[in-house]
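S.K.: Prediction below, plus the sequence it came from.
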Protein chains: 2
Amino acid sequence: MAKQITDLSKLCVHTLTTKPWDLKQCVENYNAAGIPGITIWRNVLEGQNLNECKQILDDHNMDVVSVARGGFFPSVDAAKRQVAIDDNLLAIEQAAAVGAPVIVLVCGADGKQSLQKSRDQIREGIVKILPDAKAAGVKLAIEPLHPMYAGDRSAINTLAQANDMCEEINSDFVGVAVDVYHLWWDNNLQSEIKRCGQNQNLFAFHVCDWNVPTTDFLNDRGLMGDGCINVAQIRGWVEETGFDGYSEVEIFSDKYWATDQKEYLNKIKEAYLKHT
Amino acid sequence: MAKQITDLSKLCVHTLTTKPWDLKQCVENYNAAGIPGITIWRNVLEGQNLNECKQILDDHNMDVVSVARGGFFPSVDAAKRQVAIDDNLLAIEQAAAVGAPVIVLVCGADGKQSLQKSRDQIREGIVKILPDAKAAGVKLAIEPLHPMYAGDRSAINTLAQANDMCEEINSDFVGVAVDVYHLWWDNNLQSEIKRCGQNQNLFAFHVCDWNVPTTDFLNDRGLMGDGCINVAQIRGWVEETGFDGYSEVEIFSDKYWATDQKEYLNKIKEAYLKHT
């Protein structure tokens, strides 16, 4: 079991967790709440001047943990695969511009072809963008997604698969993001986290909770403590590998988005201290 | 790849697939449609005289493939675990009464405890009811459920876990039900089906499809061909083990339940011949 968390020094919040806020609101409110880390979803960068974004982040001493998200490589349509490559190259530029050391990859899947074919296209896509990522000093984190997303969002659905792909590509710039929501059910999780750590491939750790029952495939994630995931146990496994990065709170929730976001941020802090 | 299906001799339909119908309607309509196999969900046995049910089944030469469902063993509450045991003993009686050789187990999970604790309670529950199952000549099929049900419906979420449990219990009366809906995403599926077959543990094969997108956690299953599962490929793997039982059509679908069930039965037959 992980050591009890006693301060906020390793707390990061994803901008999409507080979806009603734009980047400036996120930065100002996270900073005012004593939250040092931010992962920036690209929707809040759209139409913004990236230099100004960087300035706002610096002015508030925010530590940019990562940019979310690249990926979505597979398609039966070659032209769409090229569009995805171009979009990932843009994501690398954006990450470099705001000082993010990592891009999280939601790898994608196309239900019109086999999972293996989609996985091959994911590997091809990562290999294609890797030179640009290296040149920009931005690492790529493969995020295995829950098997309920295998039809349309990711053909990489276990940490074992993500580890396999990292080891195959074998680059210091390709690792994984471990998200408790996607991986908590897997009885191989502890051993795969260990494997991931041994290979220096553990780039990011995302937290939230699995509501019982869960009522929506996308936007019914729980705050830590709301559901059935033993987040602290998984954090313990992650930290045993030597990982000393942030716990990133990534919650898509129609329920919480409908509430006052400042009060919600307080709840996030409480849940982080008590249930992470 | 499996050989093309050319007749209905191995087609079984679950009564819950045509939920609007009671047992008599299922039997009469399946028989009229040339469907030889039936898996009986216990809701259609409630309040019925089991001898009369058996008579209706015999009168229409229906082959009773299994009864669904037993299971739901885990709970943090010991009294509830005993209620589950009693209910499983009743299921065994019902299965014997209608001539079903197998009960499908949806094993259960309690989000208030760890998955491992739930798995331990599942094993304990199966071991407890096993003597009665043997005495009645009814086999027990552990059905691994999709990881999206790990919080509340089953702590057994991969075929590997189900195989592990079967091998641990090591009884001719305990095997598994392979359902494409729950297992299609797993890159170990082919090897685990092979393992299952080698141990004579493959008791049942369930088919449907995974809709893209899927909009409901329970009742948005697709008819074979509607979604992204390569059902024929998985049937091929199953048959390579020597399995020569039924393909059981098990579809929970608000969409299809709202349609004319006789027309739906025709669609099921077409989908079975074309996409299974």
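M.R.: Yes, it's here.

S.K.: what's the burial count for A:N31?
M.R.: Per other CB atoms under 10 Å in any protein chain shown, the neighbour tally for A:N31 reads 17. C-beta here means a position set from N, CA and C on the backbone, and glycine is covered the same way.

S.K.: Excluding chain neighbours, give the residue nearest to it in space.
M.R.: Setting aside the residues directly before and after it, A:N31 is nearest to A:H60 in space (CB to CB, 6 or more residues apart in numbering or on different chains), at 4.0 Å.

S.K.: Assess the claim that that neighbour and A:V27 are in contact.
M.R.: Yes. Contact criterion CB atoms under 8 Å: A:H60 and A:V27 qualify, at 5.0 Å.

S.K.: And the two? Which one has more around it.
M.R.: More neighbours surround A:V27 than the other of A:H60 and A:V27, with 25 against 17 (other CB under 10 Å).

S.K.: Name the helix or strand for that one, please.
M.R.: helix A:23-32 (DSSP states H and E).

S.K.: and that helix, what other elements does it pack with?
M.R.: Applying 3 or more CB pairs under 8 Å, 6 or more residues apart in numbering or on different chains; DSSP states H and E, one finds that helix A:23-32 makes contact with strand A:37-41, helix A:50-59, helix A:261-275.

S.K.: Which residues outside that helix are in contact with it?
M.R.: Helix A:23-32 is contacted by residues A:13, A:15, A:18, A:21, A:38, A:40, A:44-45, A:48, A:53, A:56-57, A:60-62, A:261-262, A:265 when judged by CB atoms under 8 Å, 6 or more residues apart in numbering or on different chains.

S.K.: Can you tell me the number of residues neighbouring A:L130?
M.R.: 16.

S.K.: which ones are touching it?
M.R.: Per CB under 8 Å, 6+ apart, neighbours of A:L130: A:140, A:169, A:171, A:173-174.

S.K.: Kindly indicate the member of those residues with the most neighbours.
M.R.: A:L140 (28 neighbours).

S.K.: Spell out which parts of the stretch 151-276 of chain A neighbour chain B.
M.R.: Residues of the stretch 151-276 of chain A lying near chain B by CB under 8 Å from any CB of the partner chain: A:151-152, A:157-158, A:161, A:184-187, A:210-215, A:217, A:227-228, A:230.

S.K.: Just the ones in helices from those residues, please.
M.R.: Members of these lying in helices (criterion: DSSP state H): A:Q161.

S.K.: Just the helices from the stretch 1-150 of chain A, written as ranges.
M.R.: A:23-32, A:50-59, A:78-98, A:115-136 (DSSP state H, counting those that start in this stretch).

S.K.: pLDDT on stretch A:201-217, on average?
M.R.: Averaged across stretch A:201-217, pLDDT comes to 97.

S.K.: So what would you say the end-to-end distance of it is?
M.R.: End-to-end distance for stretch A:201-217: 28 Å, by CA to CA, to the nearest Å.

S.K.: Would you point out which residue of the stretch 51-200 of chain A is nearest chain B?
M.R.: Across the stretch 51-200 of chain A, no residue is closer to chain B than A:G111, which sits at 3.3 Å (CB to the nearest CB).

S.K.: Disregarding residues adjacent in the polypeptide, which is nearest to that residue?
M.R.: Once flanking residues are discounted, A:G111 sits nearest to B:C228: 3.3 Å by CB to CB, 6+ apart.

S.K.: Could you report the pLDDT at the one you found?
M.R.: 98.

S.K.: burial count for it?
M.R.: Applying the criterion other CB under 10 Å, we find 22 residues in the vicinity of B:C228.
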